[in-house]
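> Show me the folded form of this:
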Amino acid sequence: MMKTAILALLLVLIPFQAHSFIGSIVSAGQQVGASVSVLTGEDPRSSLILSSAAGAAGLSGDELNAYYRDEKLSLFAPAAKSLFIGFGSGPSSIGDDKGEVIGAWGNGIGLGTIFLGGAVIGTDWIAERIGAGITHAGGTAPPYEMGNLGEFGIRIAVTGGAIMLASRVIESLRVITWGWRYNRELRRTLDHTSEISLSLLPDPSGAVQLSLHAGIN
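Below is the predicted model:
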């Protein structure tokens with residue numbers, strides 16, 4: 001009776017699983033296209049630095065240092081987020097689009113591999129239970145003993161866990177290196193544009209002209 005119920009459940013679920021699988025493939029294809037565009041595009045760090053530095057015009061000394069402290073990236077929380085949450089969450093929080101894609105796909109591949117290993121183990125369990133039910137028809141089936149297929153599923157799942165762990169470590173390291181370079185370049189940019197003054201100077205004809213002077217520390 002139990003064997004019949006399991007088989008009936010599998011027959012009912014197969015069409016839904018197939019539909020979900022096809023939909024996942026289509027969605028993954030679209031995401032791959034978008035991800036490739038991000039990975040092959042320019043790193044947004046330079047534009048983010050220029051945008052952040054634009055508000056420092058006319059600042060110098062303590063004001064400039066205070067502005068830098070407000071604008072620089074804090075890296076501890078994003079790095080921790082990458083390590084414990086993953087899926088590109090850390091790079092995303094600091095504006096690193098490429099790091100977000102790398103982290104998301106690395107974690108996704110690891111998680112998918114874990115699920116695949118679990119599915120293989122489940123298949124081994126179902127096959128063993130069905131075989132035990134046939135062998136011990138009308139009697140009590142022995143406890144489940146994992147076969148070669150189940151052991152292979154465990155190896156797949158462990159591999160997936162290793163991939164996910166490595167991906168999160170790499171993502172955390174990227175957050176630190178990318179953010180450190182961002183802060184360094186931001187400091188340098190601010191130092192080179194710190195003394196900006198707007199002056200009204202008369203031209204030789206007596207008319208007033210507007211000039212913008214930028215000094216470099």
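
> In this protein, what residue spans correspond to strands?
Assigned by DSSP state E, the strands in the chain fall at 195-202, 208-215.

> So the chain: which segments form each domain?
With domains defined by automatic domain parsing, the chain comprises 1-32, 42-215.

> Compare the mean pLDDT across the ones you listed and name the weakest.
Lowest mean pLDDT within the domains of the chain: domain 1-32, a mean of 53.

> Residue 193 reaches residue 59, doesn't it?
No. Using Cβ atoms under 8 Å, residue 193 is not in contact with residue 59, being 9.3 Å away. Every C-beta, even on glycine, is put in place using the N, C-alpha and C of the backbone.

> Mind giving me the packing neighbours of the longest helix seen in the chain?
Identified as the longest helix of the chain according to DSSP state H is helix 148-192. For helix 148-192, the packing partners by 3 or more Cβ pairs under 8 Å, 6 or more residues apart in numbering; DSSP states H and E come out as helix 45-53, helix 61-71, helix 76-84, helix 89-94, helix 97-135.

> Contact partners for residue 160?
Residue 160 makes contacts with 109-117, as judged by Cβ atoms under 8 Å, 6 or more residues apart in numbering.

> Separate out the buried members of those.
Neighbour-count burial (16 or more other Cβ atoms under 10 Å) applied to the contacts of residue 160 gives 110-111, 113-114, 117.

> okay if I get the contacts of residue 160 as TSV plus distance to residue 179?
As requested, the contacts of residue 160 are exported to TSV (distance: Cβ to Cβ, whole Å):
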residue	distance to residue 179
109	24
110	24
111	25
112	28
113	29
114	29
115	32
116	34
117	34
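
> Can you tell me the centre-most residue of this protein?
Most central in the chain under Cα atoms, centre = their mean is residue 88, positioned 1.4 Å from the mean C-alpha point.
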